[in-house]
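In: prediction below, plus the sequence it came from.
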Amino acid sequence: MPEEVTALQRKSVVENTLNWVNQFENYCKDTNLSGKLSDISDPNQLEEELCKYFTIYHKTTSDKYSVIFLQSAINTLNQYFNCKTSKIKLIDLNNKKAHSDLWHT
């Protein structure tokens, strides 16, 4: 039983991460930004792009997402940037002092 739970948890993380990465990359296309999320190698650029993204990102119904939902997105993107596929390593987007612009946004 524990193996099944672990498999489901991994699947959920992967799907959620891919969802946010795809959403961000769609935002890049819509706003004519070049590159992909995985191409960002500067933590300051990442924070700036995420601030812009979260400022204009809405549900398909044009409603804004809740703060809790956006915090979940930050957690998911934080995991993404600490995995093998990212050029940025050992970043903690949850560190409100290091990424104060992101958290103020």
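Out: Received it, and whenever you're ready, just let me know what you need.
In: and the helices in this structure?
Out: Per DSSP state H, the chain carries helices over the ranges 2-30, 43-56, 67-81, 100-104.
In: so Tyr53 makes contact with Phe24?
Out: Yes: at 5.9 Å, Tyr53 counts as touching Phe24 under the criterion of CB atoms under 8 Å. No exception for glycine: its C-beta is placed from N, CA and C like everyone else's.
In: now the residue positioned nearest the centre of the chain: how far from Pro2?
Out: For the chain, Leu77 is the residue whose C-alpha lies nearest the centre (CA atoms, centre = their mean; 3.0 Å). Applying CB to CB, to the nearest Å, the value for Leu77 to Pro2 is 28 Å.
In: do Asn16 as well
Out: For Asn16 relative to Pro2 (CB to CB), the value is 21 Å.
In: sorry, back to before: per-residue confidence at the residue nearest to the residue nearest to the centre of the chain when sequence neighbours are not counted?
Out: Take Leu77 and drop its neighbours on the chain: the residue closest to it by CB to CB, 6 or more residues apart in numbering is Trp20, 5.8 Å away. Per-residue pLDDT puts Trp20 at 81.
In: what's the neighbour count on Trp20?
Out: 19 (other CB atoms under 10 Å).
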